[in-house]
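Asks: Give me a 3D structure for the following:
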Amino acid sequence: MRIYRSGEAETAQQIGNKLREVTGKDVSHDTIARALQEAGLKGGRKQKKPLLSQRHMAKRREWVYAHKDWSEDDWERVIWSDETVIERFGSHGRKWVWRKPGTPLRARHVEGKVKHGGGSIMIWGCMTNKGTGYACWVQGRMDSSLYLTILEDELLKTIEYYKLKHKNVIFQQDNAHPHDAEKVKDWLKKHKITLLDWPSQSPNLNLIEHLWDHVKRQLAMYPKEAKGVQEVWEQFQIEWNNIPKDVYIKMIESMRKCVKAVKKAKGGYTRYQ
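Replies: Take a look at the predicted model:
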């Protein structure tokens, strides 16, 4: 346990190697695993999250202290946005099937897979506290000019649809190069839309990421794979427009807890990110 707490080793195998260096004795994997379990630890797969440097954590701390006193009303003013990629095959998470051990694989036991994923689409979308906003299929390379076109169309249509006042809107976007262009910032100022400052390497703080996950889980339940990327887009639109209200309301309500968690972690990793 001292070796584990020191950070010199993480797995039972690494701890065994370290014990061999220190004591000259071999300790079995099972013995080490049992000792870790008795100490209250539980094994599991490492979570994949963006790598946080000291600079990233410092920026996240600054962001937290700037928003720690925000009320639920403040967070409800935010329009969250981002892009995601949906592949025709294999992007919707694991699919499970029951079969007897030792029996041959049949078509129903296999998920189709083709070279290069069988095609994919990139989607830009946004969400508000009133519901999902307009989304679009991004065709072509995303640059600042294309991004401005999306804002002119999808973002403004979302604001108009929900009868929001430009001066009350706080717009969230990440720090991707097309988003960070000066002409994009000038466009937001021209339309009197406040931009939410955003810490790098923090995608899971963006509520729309969890909305993407929800949609992809729904797509994973379709009995048949899409026949092409056009059908992927059509299926996405159905699920995007049918997200229950309580899904995004709960997400927005979670933001204050999220900020507190990042503050407690001093800008480091949390279960939110």
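
Asks: what is Ser120 paired to in the beta sheet?
Replies: Glu87 (DSSP bridges).

Asks: which stretches of the stretch 151-273 of the chain have low pLDDT?
Replies: Along the stretch 151-273 of the chain, the model assigns pLDDT under 70 to residues 271-273.

Asks: Helices along the stretch 1-150 of the chain, start to end?
Replies: Along the stretch 1-150 of the chain, counting by DSSP state H, counting those that start in this stretch, helices occupy 2-6, 12-23, 29-38, 54-67, 72-76, 144-150.

Asks: any idea how far the most centrally placed residue in the chain lies from Gln230?
Replies: What sits nearest the mean C-alpha location of the chain, by C-alpha atoms, centre = their mean, is Glu209, with 3.7 Å. Going from Glu209 to Gln230 by C-beta to C-beta, to the nearest Å gives 25 Å. Yep, even glycine has a C-beta here, placed from its N, CA and C like the rest.

Asks: where does the residue nearest to the residue nearest to the centre of the chain when sequence neighbours are not counted fall, phi/psi-wise?
Replies: Computed as C-beta to C-beta, 6 or more residues apart in numbering, the closest residue to Glu209 that is not its neighbour in sequence is Pro203, at 5.4 Å. Main-chain dihedrals, Pro203, degrees, to the nearest 10: phi -60, psi -30.

Asks: Tell me how many other residues crowd Pro203.
Replies: 14 (other C-beta atoms under 10 Å).

Asks: One more: Ala135?
Replies: By other C-beta under 10 Å, 23 other residues sit near Ala135.

Asks: Let me know the pLDDT of it.
Replies: Here the pLDDT value assigned to Ala135 is 96.

Asks: List the contacts of it.
Replies: Listed by C-beta atoms under 8 Å, 6 or more residues apart in numbering, the contact partners of Ala135 are Ile123, Trp124, Gly125, Cys126, Glu154, Phe236, Gln237, Trp240.
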